[in-house]
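Trainee: Sequence and predicted structure, then a few things I'm wondering about:
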Amino acid sequence: MKTRHHTYFENSKNMAAIPSNSVDLVVTSPPYPMIEIWDRMFAEQHLQIRNALKSRKSLLAFELMHNQLDEIWREIHRVLKDGGMACINVGDAARTINDNFMLYPNHARILSYLIKVGFNTLPLILWRKQTNAPNKFMGSGMLPSGAYVTLEHEYILILRKGPKREFKTDAEKKIRRESALFWEERNIWYSDVWLDLKGTLQKLDSSSSRLRSAAFPFDVPYRLINMFSVKGDTVLDPFLGTGTSMWAAIATARNSIGFEIDQSFRNEILPDTDVLVKFANQKIRDRIEHHLEFVQKRLETKGQLKYINKFYKFPVMTRQETELILNPLVTIAEFGENTVEVVYSCKPHSDGIQAWKEDFKAQNNISNLKKRRSKKKSQRPIQQKLL
Ligand SMILES: C[S@@+](CC[C@H](N)C(=O)[O-])C[C@H]1O[C@@H](n2cnc3c(N)ncnc32)[C@H](O)[C@@H]1O
């Protein structure tokens, strides 16, 4: 299995290089209007924005900044396939201008435009970014009524172009089954509040470019790609920054395309290929390890799991996970300018799993579990009658 990843160092207002109806999933985070770190970038893109900021016409600046983003939202609607999804991470801005403190509701403005463009809105995710910063409480402290509630969350807007995607052929159904996620991951990933991703693997350390780019944690695009696409799909990020979405696409065996206006991110997007291979394979090992921990706990507290995964031979909760496989990366190589090609193995990682299997067999072996399952099956009609 192979995937390709290409970065355009261009303005994503014009994605003419991408054919209409060719992308399966968009995962992105734009510069947030009215957040100060992005003022300069917006002002450079349009003179009117610069003037509005200078003359402190905040609502005009807010609207003009969104007009810039609107052009990109129209483009993503064009390039997405029918049934394709878009996940947009955005935060609101709280700011005092002309002595007037107010919230600039970026998520609401973007959502209402996306509906106008023709997207179907789906339930969204509140990403809670809890902070202990002393200045998180804003305004008059303990004295009513000039104190404001904290702003410790962002949004992940989730949209679909047209009706639900269908998987019709046997090959499409097989790749979908192999792209499944674990039951215990589903319970957290598909929940409407993501409580904290601070503890998750970070793509880079807190380098100055990472801070400058306002990069999201690796797990944000990693989860979204797993949730809303299958292996071999094409993922687009029109605001690529340091390339977190591209790394996540590489780690999940999806193809990807990124647009980034700032050339200085070139080395962060695709650094040393060995680093990338190691990083992605570590993520896969972590997921398997978490699953094995989950299985162990479940066995101790609730007893046997019903199904066995065909590739790893370990227990899983549901039939839908029996063909799940996380393909390890083998190589990443340059493939023309600003493009890399990734080769994956069709065999699962075995390290760590072997030791667990020995342990598991010693305690309560898999063949016993299989026997019990087939016994249960033969009893099913009687149980159903009893019900
Ligand atoms: C919030 S950051 C994205 C960070 C990214 N998710 C990451 O993890 O590194 C937004 C990025 O969009 C880029 N950008 C802003 N306007 C753009 C445009 N019109 N076309 C392409 N890139 C743009 C900025 O340079 C910035 O790197």
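Mentor: Everything's here; your move.
Trainee: ok, the closest residue in space to residue 18 that isn't next to it in sequence to the ligand distance?
Mentor: Counting by CB to CB, 6 or more residues apart in numbering, residue 79 is the residue found nearest to residue 18 once chain neighbours are left out, at 4.6 Å. Any C-beta I mention is one placed from the backbone N, CA and C, and that applies to glycine too. Taking CB to the nearest ligand atom, to the nearest Å as the measure, residue 79 falls 14 Å from the ligand.
Trainee: Over to residue 86?
Mentor: For residue 86, the distance to the ligand - CB to the nearest ligand atom - is 14 Å.
Trainee: for the spatially closest residue to that residue that is not a sequence neighbour, helix, strand, or coil?
Mentor: Spatially, and ignoring its direct neighbours in sequence, residue 86 is nearest to residue 26 (4.1 Å; CB to CB, 6+ apart). Here residue 26 is recorded as strand under DSSP: H, G, I helix; E, B strand; the rest coil.
Trainee: And the pLDDT at residue 26?
Mentor: Looking at residue 26, its pLDDT is 99.
Trainee: wait, isn't it in contact with residue 85?
Mentor: Yes. The pair residue 26 / residue 85 is scored as a contact, 7.3 Å apart, by CB atoms under 8 Å.
Trainee: what comes up buried for stretch 279-286?
Mentor: 279, 280, 281, 283, 284, 285 (16 or more other CB atoms under 10 Å).
Trainee: pLDDT score for the fourth one?
Mentor: The predicted local distance difference test score for residue 283 is 95.
Trainee: in stretch 155-169, what counts as buried?
Mentor: Buried-residue list, stretch 155-169, by 16+ other CB under 10 Å: 155, 156, 157, 158, 159, 160, 161, 165.
Trainee: for stretch 81-90, that is, sorry about that
Mentor: Neighbour-count burial for stretch 81-90 [16+ other CB under 10 Å]: 81, 84, 85, 86, 87, 88, 89, 90.
Trainee: Those into CSV, with extra columns for secondary structure and pLDDT?
Mentor: Formatted as CSV, these follow (DSSP: H, G, I helix; E, B strand; the rest coil; pLDDT from 0 to 100):
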residue, secondary structure, pLDDT
81, strand, 98
84, strand, 98
85, strand, 98
86, strand, 98
87, strand, 99
88, strand, 98
89, strand, 98
90, strand, 98
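Trainee: can I assume residue 224 sits in a helix?
Mentor: Yes. Assessed by three-state DSSP, residue 224 belongs to a helix.
Trainee: so what's the residue nearest to it when sequence neighbours are not counted up against?
Mentor: Closest residue to residue 224 apart from its sequence neighbours, by CB to CB, 6+ apart: residue 87 at 4.5 Å. Residues in contact with residue 87 (CB atoms under 8 Å, 6 or more residues apart in numbering) are 25, 26, 27, 28, 156, 157, 158, 159, 224, 228.
Trainee: In this structure residue 41 contacts residue 32, no?
Mentor: No. Using CB under 8 Å as the test, residue 41 is too far from residue 32 to be in contact (10.6 Å).
Trainee: Just want to know which of those two has more residues nearby.
Mentor: residue 32 (23 against 14; other CB atoms under 10 Å).
Trainee: secondary structure class for the more buried one?
Mentor: Using three-state DSSP, the structure places residue 32 in coil.
Trainee: Please list all residues in contact with it.
Mentor: Residue 32 neighbours (CB under 8 Å, 6+ apart): 38, 90, 91, 92, 93, 106, 214.
Trainee: What parts of the stretch 1-150 of the chain come near the ligand?
Mentor: Residues of the stretch 1-150 of the chain lying near the ligand by CB under 6 Å from any ligand atom: 11, 12, 13, 29, 30, 31, 41.
Trainee: can I get the residues you listed in JSON lines with pLDDT?
Mentor: Listed next are those as JSON lines, based on pLDDT from 0 to 100:
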{"residue": "11", "pLDDT": "97"}
{"residue": "12", "pLDDT": "98"}
{"residue": "13", "pLDDT": "97"}
{"residue": "29", "pLDDT": "98"}
{"residue": "30", "pLDDT": "98"}
{"residue": "31", "pLDDT": "98"}
{"residue": "41", "pLDDT": "96"}
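Trainee: possible to save these as a markdown table with secondary structure?
Mentor: Formatted as a markdown table, these follow (three-state DSSP):
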| residue | secondary structure |
| --- | --- |
| 11 | coil |
| 12 | coil |
| 13 | coil |
| 29 | coil |
| 30 | coil |
| 31 | coil |
| 41 | helix |
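Trainee: ok, so of those, who is nearest residue 65?
Mentor: residue 31 (8.2 Å; CB to CB).
Trainee: I'd like the next helix or strand past the helix or strand harbouring residue 50.
Mentor: Assessed by DSSP states H and E, residue 50 sits inside helix 47-54. Heading C-terminal from helix 47-54, the first helix or strand you meet, by DSSP H and E, is helix 58-79.
Trainee: Pull out the buried residues from that next one.
Mentor: For helix 58-79, by 16+ other CB under 10 Å, it's 58, 61-66, 68-70, 72-73, 75-79.
Trainee: that older thread, keep only those of the buried residues of stretch 279-286 that are also close to the ligand.
Mentor: Within those, nothing lies near the ligand by CB under 6 Å from any ligand atom.
Trainee: List the ones among these that fall in strands.
Mentor: Residues of the buried residues of stretch 279-286 located in strands (DSSP state E): none.
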